[in-house]
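Undergrad: can't give you the sequence, but here's the structure:
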């Protein structure tokens, strides 16, 4: 993920800003990290360079 | 709630690699829309799949973001458009800031959302993220396609399942809502979008839309 996405993306649930926590960077791109909603506190992972901003009930690990 | 949106994501995660190889070329209707559009700062492709239309949008927009619910399709998109910006997201809950997008595509995705409520929500979300002067191109499969024998003047379309056959012969069912042209126009008008132009082409409904408040 390129950091300039931060002024475009928001929390899918309440549309508030996200806070970026970088765990791993490679060639200027964010490979791993966490995005946290500044309002509701929901967290969204950045995995292999792609932020997962699916609502929590659509995530792969969501309970059926 | 609403497991079925997750089901659509799972379907495309399963078939994504093979599906992507069969979706090589951009659609001429989309190329024509983008060619006629004004230059844009930010382009958005909702349901970008393997990124074939992100490439087209890049001809008009400084930055392009592709959103899809399937990780395997986004992996194909990243490979196809290495300098594109991709994220996992749901069309009915777009993770994109309000009023930011100048030029958007929402192609062959609306018909995968399993309820009218979710489909109109997704159109409302498109209206929300568009700049007041922004515009978008929306398509959905229609009853006028040769595959269906519905009367062309039907008021309402129908839900159906279209099988995808994997190389090994295994089939994977995919949900579709096939739109009657009148219903497509009514659903756009019921959302926060205004329908500026409508056409039928190759069995698809196409709408050129902008935020209704414009």
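TA: Arrived safely. What you see is a predicted model, and the numbers here were worked out from it, not measured in a lab.
Undergrad: helices along chain B, start to end?
TA: Along chain B, the segments classed as helices by DSSP state H run B:3-21, B:28-36, B:52-57, B:71-80, B:116-129, B:181-190.
Undergrad: between those, which one is closest to chain A.
TA: helix B:3-21 (4.7 Å; C-beta to the nearest C-beta). Yep, even glycine has a C-beta here, placed from its N, CA and C like the rest.
Undergrad: can you redo the helices of chain B as a markdown table with distance to chain A?
TA: Formatted as a markdown table, these follow (distance: least, C-beta to the nearest C-beta, whole Å):
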| stretch | distance to chain A |
| --- | --- |
| helix B:3-21 | 5 |
| helix B:28-36 | 19 |
| helix B:52-57 | 14 |
| helix B:71-80 | 6 |
| helix B:116-129 | 8 |
| helix B:181-190 | 22 |
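Undergrad: turn those helices into CSV, including mean neighbour count.
TA: Shown next, in CSV, are the helices of chain B (neighbours: other C-beta atoms under 10 Å in any protein chain shown):
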stretch, mean neighbour count
helix B:3-21, 18
helix B:28-36, 15
helix B:52-57, 23
helix B:71-80, 21
helix B:116-129, 21
helix B:181-190, 19
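Undergrad: any chance of those in JSON lines, plus mean pLDDT and distance to residue A:34?
TA: Output for these, formatted as JSON lines (pLDDT from 0 to 100; distance: least, C-beta to C-beta, whole Å):
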{"stretch": "helix B:3-21", "mean pLDDT": "76", "distance to residue A:34": "21"}
{"stretch": "helix B:28-36", "mean pLDDT": "96", "distance to residue A:34": "35"}
{"stretch": "helix B:52-57", "mean pLDDT": "95", "distance to residue A:34": "25"}
{"stretch": "helix B:71-80", "mean pLDDT": "94", "distance to residue A:34": "17"}
{"stretch": "helix B:116-129", "mean pLDDT": "97", "distance to residue A:34": "23"}
{"stretch": "helix B:181-190", "mean pLDDT": "96", "distance to residue A:34": "36"}
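Undergrad: adding distance to residue A:17, write the ones you listed out as a markdown table.
TA: As requested, the helices of chain B are exported to a markdown table (distance: least, C-beta to C-beta, whole Å):
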| stretch | distance to residue A:17 |
| --- | --- |
| helix B:3-21 | 25 |
| helix B:28-36 | 30 |
| helix B:52-57 | 25 |
| helix B:71-80 | 23 |
| helix B:116-129 | 15 |
| helix B:181-190 | 30 |
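Undergrad: report the contact partners of residue B:158.
TA: Residue B:158 makes contact with B:143, B:150, B:177-178 under the criterion C-beta atoms under 8 Å, 6 or more residues apart in numbering or on different chains.
Undergrad: residue A:50 and residue A:60, how far apart?
TA: Distance of residue A:50 to residue A:60, computed by C-beta to C-beta, to the nearest Å: 13 Å.
Undergrad: and what of residue B:34?
TA: From residue B:34 to residue A:60 the distance is 33 Å (C-beta to C-beta).
Undergrad: now the two most distant members of the contacts of residue B:158.
TA: Pairwise distances among these were taken by C-beta to C-beta; the largest, 12.6 Å, belongs to B:150 and B:177.
Undergrad: overlap in contacts, these two.
TA: Residues touching both residue B:150 and residue B:177 by C-beta under 8 Å, 6+ apart: B:157-158.
Undergrad: what count of nearby residues applies to residue B:209?
TA: 26 (other C-beta atoms under 10 Å in any protein chain shown).
Undergrad: pretty sure it is in contact with residue B:194, am I right?
TA: Yes. Checked against C-beta atoms under 8 Å, the pair residue B:209 and residue B:194 is within contact range at 6.5 Å.
Undergrad: now the common contact residues for those two.
TA: Any residue near both residue B:209 and residue B:194 by C-beta under 8 Å, 6+ apart counts here, and that gives residue B:188.
Undergrad: dump the residue contacts of the residue in chain B that chain A sits nearest to.
TA: Residue nearest to chain A within chain B (C-beta to the nearest C-beta): residue B:95, separated by 3.6 Å. For residue B:95, the contact set (C-beta under 8 Å, 6+ apart) comprises A:9-12, A:44, A:51, A:53, B:67, B:87, B:89.
Undergrad: what of residue B:172?
TA: Residues in contact with residue B:172 (C-beta under 8 Å, 6+ apart) are B:11, B:14-15, B:163-166.
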